[in-house]
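In: kindly return the folded structure for what I paste below:
(chains A and B)
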There are 2 protein chains.
Amino acid sequence: MTALEQMGQQAKIAARKLAFAEHEKNQALLAIAQALREQEANILAANEQDLQEAKNNGMNKAMLDRLTLNHDRIEGMAKGVEQIAGQKDPIGTIVEGGRLENGLRIQQVRVPLGVIGIIYEARPNVTADAAALCLKAGNVVILRGGKEAFHSNQCITNVMRYAIASAGLPADCVQLVQDTSRESAKEMMGLTGYLDVLIPRGGAGLIRSVVENSRVPVIQTGAGNCHVYVDQFAKVDMAADIIFNAKTSRPSVCNTIETILVHEAIADQALPVIAEKLKEKNVVLHGCERTCAILPEAVLATEADWETEYLDYQLAVRVVDSIGEAMDHIAQYSTGHSECIVTENYQNAMLFTAQVDSAAVYVNASTRFTDGGEFGMGAEIGISTQKLHARGPMGVDQLTSTKFIIQGNGQIR
Amino acid sequence: MTALEQMGQQAKIAARKLAFAEHEKNQALLAIAQALREQEANILAANEQDLQEAKNNGMNKAMLDRLTLNHDRIEGMAKGVEQIAGQKDPIGTIVEGGRLENGLRIQQVRVPLGVIGIIYEARPNVTADAAALCLKAGNVVILRGGKEAFHSNQCITNVMRYAIASAGLPADCVQLVQDTSRESAKEMMGLTGYLDVLIPRGGAGLIRSVVENSRVPVIQTGAGNCHVYVDQFAKVDMAADIIFNAKTSRPSVCNTIETILVHEAIADQALPVIAEKLKEKNVVLHGCERTCAILPEAVLATEADWETEYLDYQLAVRVVDSIGEAMDHIAQYSTGHSECIVTENYQNAMLFTAQVDSAAVYVNASTRFTDGGEFGMGAEIGISTQKLHARGPMGVDQLTSTKFIIQGNGQIR
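Out: Alright, predicted model coming up:
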């Protein structure tokens, strides 16, 4: 039996206990929040070790920033865990129910998924966020973080395990994979007997690799090649405000936009206004030929630009002949995350929302709202861009399954 | 591009049209039902060809029976399709919705999954059932039936394609894989760019092979190692009736029971009554040592008996010391389909339904009720025994995904 299989076995045992925990789950979460604050010095020391190694290995500045913990970030982790404790417990919720003709009473009830594997990269705060969300939904979690954050993850995991045990739940509700080589990630993808689901959190490369290689069911999150279509009947100022917000308010996240499509009938009027607004943040525009004819500052786009998630102050711009051409472009290049139409025309709004096949489809609002908190679902583990199980923001409810409970008095068929 | 990839491409094109079909879907379904009746002679001729080949290859009687079509079975297929036409269209249903604080109106709306692959074995009636369910939920289907039923499947598929086209929908809403070798099944399991989900329908071997090898998301259906636990506080006659019904009313289906667990305090009294009742159908009992001491007619069970889906007039019997031991046995051997406790004790009923982790958990009723029709969900494509996406009977609602539609008037974040 490998180390990972042993973890899987321990996770299964813990899962059977955790599934029937009630108030202990919130006790454990509040204990985790308190312990994160109390153990700040130890966590920062472990993080310093990771940072030193990373600097010695020549890690770039953006990566170093993601890896860095400090007082505010640890406080943020603790607050996040407290917020999750404050949410409604999904387990036991009756999703649907009633009485059948033969007198049987039937209820469909929320239950935990079981054991969740999470493969993530260099952000150590994921360790606490993900574990807390899984715990709230009654799931045991096996975490496999990046090697760059190993000491930080190890310390945070130990702090959490101690806190969980203090609330009377098995410490094995949270386990950290000790081997951070590629092999351990591969082994997790084949751990079908122990893991009920695997969630990759990180860049597009990690997610693709897990989706392509895992035999454990995967929930795919995060890839966002999002679009705004400026319809012929758009209010130009509204379009510019939405585009500015959706591109520049936080360019590194998945609900930011990467391409805008502008109807030819409004392009001459709208593009200069949009470009002027985006200049405030020095956004580089990659335009099609017609765009470049209107905006001399735009650089000529190539096919690759329509496919790129810049996650940066860059934006692709294409002029289209019709709403149909805009929807065809989206069908071809979108990752199915979030798209928006800006229009005052009723028929076009109806058409776009009916036919665009993405997790979130907007009329006259920024795609930046695709977020568990904004949608009123509380903290999220990611935005699912797949169609099975959950689509869109995944909060604690989406980390559950259901079962049917049927009560009779001797019915036979 | 392989033949299967080309099918995938055609399916994608058809899916974009089918997703927005409304009354045409029911027109197509009613046309299919009519065409199945009108083309009975051709379907029976194709089936006769399959039957001749099967007899020449020495197919056994049970398999031959599954392969055989006749007037009644074709009428049954047509009636099944009509019933599906009569069900509510799930597409467009608002699952949840409301207004956010910033004035955004948000709706979670049912949409089709997209393209569904179905791999099945020798029963040609699956061809019409599965295609009709997929069509109703707006999904395009690629069918890969067994080689034994190829001529029947081919004829039924052609009849359906013609009927679908007559209703103004793309004939490619239903396609049949022409290559029935193992290689084509394998290729389907890797068709991630085209298939949104793969559903195997057939025996345990087929399902295991697909679950273990597919990179397309799989919905696992059908494996049913189901249990009845006769509690110390059971009514003996009720227990015997439920066991008799759950074992003998249709032993070849997945919601039939395979093992009963009997509390030791009631075993002496209950086992003879249960055994007497089962004698009516000559059910062979495989008992643990304590069972054999009470029932001399029982044969001694081995470890394999607790794991076996007999799908026949055979039943494993074990005497247990407590409800806890019964639940441990179920946790170890169950496939997570359906389990039942027979008891008059409130606490034990609550405990069993809370802690047994199967798709359907019963108190005092036959496990044979685990069925889409019985649960009021209409026709089903199978009983899901997995926890992701859908658990329990899968009707048309479970063949859908959702998306969020968000309507604003210029909101930014």
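
In: below-threshold pLDDT in the stretch 1-150 of chain A: ranges please.
Out: Within the stretch 1-150 of chain A, not a single segment meets pLDDT under 70.

In: show me where it has its helices.
Out: Using DSSP state H, counting those that start in this stretch, the helices of the stretch 1-150 of chain A run over A:3-18, A:23-38, A:40-56, A:61-67, A:71-86, A:125-136, A:150-166.

In: nearest to B:Thr180, of the ones you listed?
Out: The stretch from these with the least distance to B:Thr180 (Cβ to Cβ) is helix A:3-18; that distance is 37.2 Å. Using the backbone N, CA and C atoms, a C-beta is placed for each residue, glycine as well.

In: what's that closest one in contact with?
Out: Taking Cβ atoms under 8 Å, 6 or more residues apart in numbering or on different chains as the criterion, the residues outside helix A:3-18 that touch it are A:1, A:25, A:112, A:114-115, A:135, A:138-140, A:142, A:169-170, A:172-173, A:175, A:177-179, A:184, A:187-188, A:191, A:193-195, B:331.

In: out of those residues, name the ones that lie in strands.
Out: Secondary structure from DSSP state E places A:112, A:115, A:140, A:142, A:175 of the contacts of helix A:3-18 in strands.

In: between those residues, which is nearest chain B?
Out: Within these, proximity to chain B (Cβ to the nearest Cβ) peaks at A:Pro112, which comes in at 8.6 Å.

In: surely the closest one meets A:Gly92?
Out: No: here A:Pro112 does not reach A:Gly92: they are 10.5 Å apart, not a contact under Cβ atoms under 8 Å.

In: before we move on, back to that, export the helices of the stretch 1-150 of chain A to CSV and tack on distance to B:Gly376 and mean neighbour count?
Out: Below are those laid out as CSV (distance: least, Cβ to Cβ, whole Å; neighbours: other Cβ atoms under 10 Å in any protein chain shown):
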stretch, distance to B:Gly376, mean neighbour count
helix A:3-18, 31, 19
helix A:23-38, 33, 20
helix A:40-56, 52, 16
helix A:61-67, 50, 14
helix A:71-86, 35, 18
helix A:125-136, 32, 26
helix A:150-166, 41, 22
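
In: tell me which of those helices lies nearest to B:Thr221.
Out: Distances from B:Thr221 to each of these were compared using Cβ to Cβ; the shortest belongs to helix A:3-18, at 23.2 Å.

In: from the chain's centroid, how far away is that closest one?
Out: When C-alpha coordinates are averaged (Cα atoms, centre = their mean, to the nearest Å), helix A:3-18 and its chain have centres 25 Å apart.

In: go on, stretch A:211-220?
Out: Averaging C-alpha positions (Cα atoms, centre = their mean) puts stretch A:211-220 15 Å from its chain's average.

In: ok, now stretch A:337-350?
Out: For stretch A:337-350, the distance from its own C-alpha centre to the chain's C-alpha centre is 24 Å (Cα atoms, centre = their mean).

In: ok, and what's touching it?
Out: Residues lying outside stretch A:337-350 but in contact with it, judged by Cβ under 8 Å, 6+ apart, are A:223-235, A:238-239, A:242, A:246, A:254-255, A:257, A:323, A:326, A:330, A:352-353, A:356, A:358-367, A:370, A:383, A:385, B:407.

In: now do the end-to-end distance for it.
Out: Between the opening and closing residues of stretch A:337-350 lies a distance of 19 Å (Cα to Cα, to the nearest Å).

In: find the residue closest to A:Glu380 in space, skipping its chain neighbours.
Out: Distances taken as Cβ to Cβ, 6 or more residues apart in numbering or on different chains place A:Gly372 nearest to A:Glu380, at 2.9 Å, with adjacent residues excluded.

In: A:Ile199 against A:Thr221, yeah?
Out: Yes: counting by Cβ under 8 Å, A:Ile199 touches A:Thr221, with 6.6 Å between them.

In: so who does A:Ile260 touch?
Out: Contact partners of A:Ile260, counting by Cβ under 8 Å, 6+ apart, are A:227-230, A:243, A:274, A:315-318.

In: residue contacts, the closest residue to chain B within the stretch 1-150 of chain A?
Out: Taking Cβ to the nearest Cβ as the measure, the stretch 1-150 of chain A has A:Leu113 as its residue closest to chain B, at 5.2 Å. For A:Leu113, the residues meeting the contact criterion (Cβ under 8 Å, 6+ apart) are A:137, A:139, A:196-197, A:399-401, B:387-388.

In: just the pLDDT for the nearest residue in space to A:Asn225 that is not next to it in sequence.
Out: For A:Asn225, the nearest residue in space outside its immediate sequence neighbours is A:Thr335; the separation is 4.5 Å by Cβ to Cβ, 6+ apart. Per-residue confidence (pLDDT) for A:Thr335: 92.

In: okay, and whatever residue of the stretch 201-350 of chain A ends up closest to chain B sits in which element?
Out: Across the stretch 201-350 of chain A, the shortest distance to chain B (Cβ to the nearest Cβ) belongs to A:Asn245, at 3.6 Å. Assigning secondary structure by DSSP states H and E places A:Asn245 in helix A:236-248.

In: how long is stretch A:161-171 from one end to the other?
Out: When the termini of stretch A:161-171 are compared using Cα to Cα, they are 5 Å apart.

In: do the same with stretch A:291-304
Out: Counting by Cα to Cα, the length from the leading to the trailing residue of stretch A:291-304 is 16 Å.

In: distance check, A:Leu388 against chain B.
Out: Counting by Cβ to the nearest Cβ, to the nearest Å, the separation of A:Leu388 from chain B is 5 Å.

In: which residue packs closest to that residue, ignoring adjacent ones?
Out: Counting by Cβ to Cβ, 6+ apart, the nearest residue to A:Leu388 once its immediate chain neighbours are dropped is B:His389, at 4.6 Å.

In: what parts of the stretch 201-350 of chain A come near chain B?
Out: When proximity is defined as Cβ under 8 Å from any Cβ of the partner chain, the stretch 201-350 of chain A approaches chain B at A:211-213, A:215, A:217-219, A:235, A:238, A:241-242, A:244-246, A:249, A:331, A:349.

In: correct me, but A:Gln107 touches A:Ile94?
Out: Yes: if you go by Cβ under 8 Å, A:Gln107 and A:Ile94 touch, sitting 5.0 Å apart.

In: which of these two has more neighbours?
Out: Between A:Gln107 and A:Ile94, counting by other Cβ atoms under 10 Å in any protein chain shown, A:Gln107 is the more crowded of the two (16 against 11).

In: mind listing what the more buried one touches?
Out: Counting by Cβ under 8 Å, 6+ apart, A:Gln107 has contacts A:94, A:96-97, A:404-406.

In: do A:Ile257 as well
Out: When the contact criterion is Cβ under 8 Å, 6+ apart, the partners of A:Ile257 are A:226-228, A:243, A:246-247, A:315, A:340, A:367.

In: wait, a helix at A:Val262?
Out: No: secondary structure assignment places A:Val262 outside any helix; it is strand (DSSP: H, G, I helix; E, B strand; the rest coil).

In: quick check: it touching A:Asp321?
Out: No: in this structure A:Val262 lies outside contact range of A:Asp321 using Cβ under 8 Å: 10.9 Å.

In: quickly list what's touching both of these two.
Out: Here A:Val262 and A:Asp321 share no contacting residue, scored by Cβ under 8 Å, 6+ apart.

In: neighbour count: those two, which is higher?
Out: Taking other Cβ under 10 Å, A:Val262 and A:Asp321 do not tie; A:Val262 has more neighbours (31 against 11).

In: so what's the more buried one closest to, chain neighbours aside?
Out: A:Val230 (4.5 Å).

In: give me the beta-bridge partners of the one you found?
Out: Per DSSP bridges, residues listed as beta-bridge partners of A:Val230: A:Val262, A:Val342.

In: any idea how far it lies from A:Val299?
Out: Per Cβ to Cβ, to the nearest Å, A:Val230 is found 20 Å from A:Val299.

In: the more surrounded of those two?
Out: The residue with the greater number of neighbours, taking A:Val230 and A:Val299 and applying other Cβ under 10 Å, is A:Val230; the counts read 30 against 14.

In: now do the contacts for that one.
Out: Shown in contact with A:Val230 (Cβ under 8 Å, 6+ apart): A:239, A:243, A:260-263, A:266, A:270, A:274, A:342.
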